[in-house]
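1. Following is a predicted model, sequence given first.
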Amino acid sequence: MTPIELTRNPIVKATLRNRWPQFVVRVIALAGFLFAILSGFIGTPVGNHNFSIVFVWIVWWALLMLIAVPLLGRGWCAVCPIPMPGEWLQNGALLKPRGKGVGLNRKWPKRFRNIWLQNIAFTLLALFSAVVLTRPSVTGLVLLLFLIVALITSLIFERRAFCRYLCPVGGFIGLYSQAAPVEVRVKDPAVCAVHTEKSCYTGSADGYGCPWLIYPGTLTKNINCGLCMECLRTCTQDNVAFNLRSFGADLKQPSGHKLDEAFKAFIMLGAALIYSAVMLGPWGALKSAAYSIGTPQWLVYALTLLGLIYVILPGTFLLTVALGRTLTKSKESLKKSFSAFATALIPLGLMAWIAFSLSFVFASLSYLWPTLSDPLGAGWNLFGTAHAAWQPYFMSIVPFLQAGVLIGGLLWACVTARRIAAEKQQGRGITLQALPVMGFCFIITAGLLGLLIG
Amino acid sequence: MSQLRLSPRWIAIGLLAFVIVFVPNPIAFAAPAEPHFRIEASSFQYTPEAISVNPGDHVTIDLVSTDVVHGLYIDGYDLNVTADPGQTATLSFIADQSGTFRLRCSVTCGALHPFMIGKFNVGSNDRLWRAIGLGVLAVIAGIWVIRR
């Protein structure tokens, strides 16, 4: 499918260029974020009656994983409130550039210009997730830490270094944004090549230089584009477009496969498997182990999680890639093949998270109604719904949706694996190289099906 | 996604998918019985964690809570019962839907309450096996049907 330029429509273009709609959404999100921190600390300790748990881990998570990431990629990053205070200080302005802000404006260290720190940050969250997701005070503390680290990072380093290199959520949103059906791209790279000002990167009176530290003129993948629309505002050549495209268009890019991104795919896939077993499985001992931080049981759980996401999954995948290379007598380095074929795990992982979120969200969504009326658990009844009973939604159809989503993800992963193999092989060699990877994807899918609907 | 054309291969895959999804399960189950279960609910787990019956069975579940108030809600059946500590609450019904269903605690009982889950198996879990069959078909489609 040829991308459709949505910004050809003058209303869409004007709306995206205008700072106010984005600003208003971000301010509302910031207010909600700060209230979530507050309610985490002063609200009821009962998680499923506390605003911080219900709004962050059920409502926000549902919007993120079931709508924002699959359809808008980094759409959440465009309105995320976490970097806002730091940006305001850094820019010395709330909206358009004016004057000088505060901060050291240092460049991010070269050795950390990858997503390994994001991988580590997400792993840490995953290790403590049973507590983070259920105890309001811990959720409040984690959200506050996000805010403080983002603020400090903005005061030391240039632009949105926190979002680009540290945010554990932004790491996986970026990975899966490659599957999304929207993109910001330049219309004609030749125009950028001769445009010496590069106002999209350096900034202008109309907007900031790319906060995500990328040069839009050479942008080919969504992974690092935060959809902030600054380049749409600063381009003096009217050469930036917001496009509708086919799902997974970035997965067809033949180059740029990186090991840190490959490992992000394993971390996310492993976390989906572990969460499905711990949170949605019937094993009480496993839940207790995940929750009892510091105990020998938790250590076993933590080592199992780390072993699965950093050793077992990548190791098994490496063997499948090596098998494909042996069958086809491929001359490409194993590391390069490993990183390239890990791209097939992006649609598989995205669909695994959607399937996981479906049952988690629809089973717990009705906690929203009492929490709306009594967000702190203080005995209020603002909207008359404080005593609404818990009621899971659509549980008869959720398993069918989960099965459909997982099978769709497997098919998508197989198509992606085959396409990657076709870049390296011809004829029968394509199938021979892709088949072991497809087998790996099938085993993961069967495991998830067993955990979620078995 | 790759270009999808309605070729004989796609028609074959479609027919196979239809068969996998809709072919009746040939396994015959025993005549309906009246199984009786005692399920203990305590700190985020049910014991036993899973119970199995045959389709058409008249099922009775005694829910016994050994610590705080717990509930037992059965997905798909939309049935619910709650038990006070040390008390037994009983749920009786006919298992008229086949498959595997989640049991969920319906009363806030502590930090991990939303994840207090058990399983209720009625007959064989056709849904799972059919989904795995479709998974095999997805791999075949990836190899055999979809080119570039």
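-> Structure received. Since this is a predicted model, take the numbers as computed values, not measurements.
2. so where's chain B uncertain?
-> For chain B, the stretches with pLDDT under 70 are B:1-5, B:147-148.
3. Okay, helices next: where are they in it?
-> Using DSSP state H, the helices assigned to chain B run over residues B:8-22, B:126-140.
4. Please apply the same query to the stretch 101-250 of chain A.
-> Assigned helices in the stretch 101-250 of chain A, in chain order: A:116-127, A:129-132, A:136-156, A:161, A:168-177, A:189-194, A:199-202, A:230-234 (criterion: DSSP state H, counting those that start in this stretch).
5. Just the residues contacting the helix or strand following the longest one, thanks.
-> Reading on from helix A:136-156 to the C-terminus, the next helix or strand found by DSSP states H and E is helix A:161. Under the contact criterion Cβ atoms under 8 Å, 6 or more residues apart in numbering or on different chains, helix A:161 has outside partners A:108, A:153-154, A:213. Yep, even glycine has a C-beta here, placed from its N, CA and C like the rest.
6. Only whichever of those residues are buried, select them in ChimeraX.
-> In ChimeraX, a selection of the buried entries from the contacts of helix A:161 looks like this (16 or more other Cβ atoms under 10 Å in any protein chain shown):
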select /A:108,153,154,213
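7. quick one: which of the contacts of helix A:161 is nearest to A:L305?
-> A:T153 (26.9 Å; Cβ to Cβ).
8. Report the contact partners of that closest one.
-> Contact partners of A:T153, counting by Cβ under 8 Å, 6+ apart, are A:86, A:161-162, A:166.
9. Could I get those residues in TSV, plus columns for neighbour count and pLDDT?
-> Below are these laid out as TSV (neighbours: other Cβ atoms under 10 Å in any protein chain shown; pLDDT from 0 to 100):
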residue	neighbour count	pLDDT
A:G86	26	97
A:A161	25	98
A:F162	23	98
A:L166	22	98
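10. Tell me the one among those nearest to A:W380.
-> A:G86 (33.0 Å).
11. The closest one sits in which helix or strand?
-> A:G86 belongs to helix A:84-91, assigned by DSSP H and E.
12. Give the buried residues for that helix.
-> A:84-88, A:90-91.
13. for stretch A:98-109, same thing?
-> A:101, A:103, A:108.
14. Out of the residues you listed, which is nearest to chain B?
-> A:W108 (35.7 Å; Cβ to the nearest Cβ).
15. Please, where are all the strands along chain A?
-> A:4-5, A:182-186, A:203-204, A:207-208, A:240-244 (DSSP state E).
16. Point out the residues in the stretch 351-454 of chain A that sit beside chain B.
-> The stretch 351-454 of chain A has residues A:359, A:363-364, A:367, A:390, A:392, A:395-396, A:399-400, A:403, A:406-407, A:410-415, A:417-419, A:422, A:431, A:434-435, A:438-439, A:441-442, A:445-446, A:449-450, A:453-454 near chain B, with proximity defined as Cβ under 8 Å from any Cβ of the partner chain.
17. What's the PyMOL syntax to select whichever of the residues you listed are buried?
-> One line in PyMOL is enough to select the buried ones among those; burial here means 16+ other Cβ under 10 Å:
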select buried, chain A and resi 359+363+364+367+390+392+395+399+403+406+407+410+411+412+413+414+415+417+418+419+422+431+434+435+438+439+441+442+445+446+449+450+453+454
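18. Strands of chain B, residue ranges please.
-> Under DSSP E, chain B gives strands at B:36-42, B:45-47, B:50-53, B:58-65, B:70-74, B:79-83, B:88-94, B:99-104, B:117-122.
19. strands paired with the last one, and their directions?
-> Spelled out, it's strand B:117-122. Sheet pairing of strand B:117-122 (DSSP bridges) gives strand B:50-53 (parallel), strand B:99-104 (antiparallel).
20. What of the fifth one?
-> In the sheet, strand B:70-74 lines up against strand B:79-83 (antiparallel), strand B:99-104 (antiparallel) (DSSP bridges).
21. angle of it against strand B:36-42?
-> 130 degrees (axes from the mean of the first three to the mean of the last three Cα atoms, to 10 degrees).
22. circling back to that earlier point, which of the strands paired with strand B:117-122 sits most buried?
-> strand B:99-104 (a mean of 22; mean count of other Cβ atoms under 10 Å in any protein chain shown).
23. How about residues contacting that strand?
-> A:280, A:282, A:359, A:363, A:392, A:395, A:399, A:453-454, B:39, B:46, B:71-77, B:116-123, B:125-128.
24. what angle separates that strand from helix B:126-140?
-> Going by the same axes, to 10 degrees, strand B:99-104 makes 110 degrees with helix B:126-140.
25. coming back round to it: quick one, which of the strands paired with strand B:70-74 is nearest to A:L6?
-> Nearest to A:L6, of the strands paired with strand B:70-74 and by Cβ to Cβ, is strand B:99-104 at 41.1 Å.
26. Export that closest one to PDB, keeping only CA atoms.
-> Only the C-alpha atoms of strand B:99-104 are listed here, as PDB (Å, rounded to 0.1, in the frame of the first residue of the first chain):
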ATOM      1  CA  GLY B  99     -14.300 -25.700  27.300                       C
ATOM      2  CA  THR B 100     -11.900 -24.300  29.900                       C
ATOM      3  CA  PHE B 101     -13.200 -21.400  32.000                       C
ATOM      4  CA  ARG B 102     -11.400 -19.300  34.600                       C
ATOM      5  CA  LEU B 103     -12.500 -19.200  38.200                       C
ATOM      6  CA  ARG B 104     -12.000 -15.700  39.700                       C
END
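27. can you pull out the helices in the stretch 251-400 of chain A?
-> Using DSSP H, counting those that start in this stretch, the helices of the stretch 251-400 of chain A run over A:259-280, A:284-291, A:296-307, A:313-328, A:334-341, A:345-364, A:368-373, A:398-424.
28. I'd like those as JSON lines, with distance to A:K13 appended.
-> Compiled in JSON lines, these are given as follows (distance: least, Cβ to Cβ, whole Å):
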{"stretch": "helix A:259-280", "distance to A:K13": "31"}
{"stretch": "helix A:284-291", "distance to A:K13": "48"}
{"stretch": "helix A:296-307", "distance to A:K13": "46"}
{"stretch": "helix A:313-328", "distance to A:K13": "43"}
{"stretch": "helix A:334-341", "distance to A:K13": "36"}
{"stretch": "helix A:345-364", "distance to A:K13": "29"}
{"stretch": "helix A:368-373", "distance to A:K13": "35"}
{"stretch": "helix A:398-424", "distance to A:K13": "32"}
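29. mind checking which of those is nearest B:T88?
-> helix A:284-291 (20.0 Å).
30. So what touches the closest one?
-> Counting by Cβ under 8 Å, 6+ apart, A:129-131, A:134, A:277-279, A:295, A:297-298, A:300-301, B:43-47, B:49, B:111-112, B:115-116 sit against helix A:284-291.
31. wait, what's in contact with B:F29?
-> Neighbours of B:F29 in contact, by Cβ under 8 Å, 6+ apart: B:54-56, B:123.
32. Provide a list of residues in contact with A:A403.
-> A:A403 touches A:449, A:453, B:127, B:130-131, B:134, counting by Cβ under 8 Å, 6+ apart.
33. again, but for B:S7
-> B:V145.
34. Number of residues surrounding B:I20?
-> Counted by other Cβ atoms under 10 Å in any protein chain shown, the residues lying close to B:I20 total 17.
35. Isn't it up against B:R130?
-> Yes: counting by Cβ atoms under 8 Å, B:I20 touches B:R130, with 5.5 Å between them.
36. So which residue is dead centre in the chain?
-> By default, I'm working from chain A. Closest to where the C-alpha atoms of chain A average out (Cα atoms, centre = their mean) is A:I173, at 1.7 Å.
37. switch to chain B, that's the one I care about
-> Note: chain B centre (Cα atoms, centre = their mean) maps to B:T100, 1.6 Å.
38. which residues does the residue nearest to that residue when sequence neighbours are not counted contact?
-> Leaving aside its chain neighbours, B:T100 sits nearest to B:N125 (4.4 Å; criterion: Cβ to Cβ, 6 or more residues apart in numbering or on different chains). Listed by Cβ under 8 Å, 6+ apart, the contact partners of B:N125 are A:453-454, B:99-100.
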